[in-house]
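> What follows is a predicted protein model with its sequence.
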Amino acid sequence: MTYREFRAPTGLLPVVACLWRNDTLVDGTERVVPDGCVDLVWMGDGPPLVVGPDTGPVLWEPTGAPTCGVRLRQGAAGDVLGLPASAVRDLQVPLTEVWPEAGALSEQVATAGDTAESLRLLAGAVLHRRATPDPLATAAARRLADREIRVADLAAELGVGERQLHRRVTAAVGYAPKTLARVARLRRLIGADEASTMSLADQALAAGYASQAHMTDEVHRLTGVTPVRFLEDVRLTAA
């Protein structure tokens with residue numbers, strides 16, 4: 001059972017982090033944690049879904065078939081979807097609820113029969129949107145991913161007020177900047193753990209947490225498990 005990511009076609013690179021296929025859910029469950037992304041997902045049967053940015057863990061149940069999806073980059077979802085990304089936060093909705101004109105596409109994906117064809121159809125639909133990510137939200141997401149920074153300092157660094165930063169990041173990503181910062185911190189923790197033999201306390205500081213206790217509280221809120229349990233079997237996915 002595997003989860004694999006594929007590079008997006010060249011024309012989609014500004015808005016798509018990856019295409020992916022997941023065989024894990026054929027006969028197993030999977031805990032999905034917040035990554036700041038919106039995905040267009042085909043569950044192996046039925047119409048495609050828009051899976052919004054989560055603010056907590058979601059346990060996906062077995063589907064009986066491989067699943068696949070198109071993962072939108074942080075900051076691209078609002079323009080690709082054509083509505084504020086916050087409108088689908090913590091939601092899984094049929095694609096036609098977001099794109100009412102996508103009835104024929106939804107039917108084609110539902111009857112595609114395999115993940116490769118479903119990905120081709122979904123990627124083509126995203127390309128057809130000709131979306132342009134909000135450069136401010138994209139820059140904010142990139143800076144938060146790189147290092148710990150206060151939201152007020154981030155706004156000043158980007159040359160805007162905190163209110164404008166909050167409005168545009170929420171619309172483009174689906175989170176307020178503070179929530180995006182918490183998710184970015186979690187992703188730095190995952191990245192550090194993949195290549196580190198540091199103690200848990202040192203990993204916490206390296207990821208940007210104030211202390212190991214702060215990390216424990218935040219990791220539990222975002223993943224539903226302890227840091228030790230979470231880091232036992234986690235990988236950094238494209239975002």
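Yep, that arrived. Note that this is a predicted model, so its numbers are computed, not measured.
> Spatially central residue (nearest the centroid) of the protein, please.
In the chain, the residue lying closest to the centroid (CA atoms, centre = their mean) is C37, at 2.2 Å.
> Which residues are in contact with it?
C37 sits next to A17, P53, R71, L72, R73, Q74, A77, A239 when contact means CB atoms under 8 Å, 6 or more residues apart in numbering. (Each C-beta comes from the backbone N, C-alpha and C, glycine too.)
> Can I get the residues you listed in a markdown table including secondary structure and neighbour count?
What follows is those, written out as a markdown table (DSSP: H, G, I helix; E, B strand; the rest coil; neighbours: other CB atoms under 10 Å):
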| residue | secondary structure | neighbour count |
| --- | --- | --- |
| A17 | strand | 23 |
| P53 | coil | 25 |
| R71 | strand | 24 |
| L72 | strand | 30 |
| R73 | coil | 27 |
| Q74 | coil | 30 |
| A77 | helix | 32 |
| A239 | coil | 17 |
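> Now flag whichever of those residues is closest to W42.
Using CB to CB, R71 comes nearest to W42 of the contacts of C37, at 12.8 Å.
> pretty sure the closest one is in contact with V15, am I right?
No - checked against CB atoms under 8 Å, the pair R71 and V15 is beyond contact range at 10.1 Å.
> now the spatially most distant residue from the centre of the chain: how far from F230?
The centre of the chain is farthest from one residue, S199, which by CA atoms, centre = their mean lies 27.6 Å away. S199 is 16 Å from F230, where distance means CB to CB, to the nearest Å.
> ditto for R130
For R130, the distance to F230 - CB to CB - is 38 Å.
> now the helices: where do they sit in the protein?
Using DSSP state H, the helices of the chain run over 77-81, 95-98, 103-110, 115-129, 135-146, 151-158, 162-173, 177-194, 200-207, 212-223, 227-232.
> Tell me which other helices or strands the longest one touches.
So that's helix 177-194. Where contact means 3 or more CB pairs under 8 Å, 6 or more residues apart in numbering; DSSP states H and E, helix 177-194 is packed against helix 135-146, helix 151-158, helix 162-173, helix 200-207, helix 212-223, helix 227-232.
> Need those in CSV (columns: mean pLDDT, distance to T10 and mean neighbour count).
Compiled in CSV, those are given as follows (pLDDT from 0 to 100; distance: least, CB to CB, whole Å; neighbours: other CB atoms under 10 Å):
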stretch, mean pLDDT, distance to T10, mean neighbour count
helix 135-146, 96, 18, 20
helix 151-158, 97, 28, 16
helix 162-173, 98, 22, 20
helix 200-207, 92, 33, 17
helix 212-223, 97, 33, 17
helix 227-232, 92, 34, 16
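> Identify whichever of the ones you listed lies nearest to L91.
helix 162-173 (14.7 Å).
> chain center to that closest one, what's the gap?
The chain centre lies 17 Å from the centre of helix 162-173; the measure is CA atoms, centre = their mean, to the nearest Å.
> Using CSV, write out the CA atom coordinates for it.
Output of helix 162-173 as CSV, limited to C-alpha atoms (Å, rounded to 0.1, in the frame of the first residue of the first chain):
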residue,chain,number,x,y,z
GLU,A,162,-2.3,43.1,9.4
ARG,A,163,-6.0,43.5,8.4
GLN,A,164,-5.2,43.3,4.7
LEU,A,165,-2.9,40.3,5.2
HIS,A,166,-5.6,38.5,7.2
ARG,A,167,-8.2,39.1,4.6
ARG,A,168,-6.1,38.0,1.6
VAL,A,169,-4.5,35.0,3.2
THR,A,170,-7.9,33.8,4.5
ALA,A,171,-9.4,34.1,1.0
ALA,A,172,-6.6,32.5,-0.8
VAL,A,173,-5.5,29.8,1.6
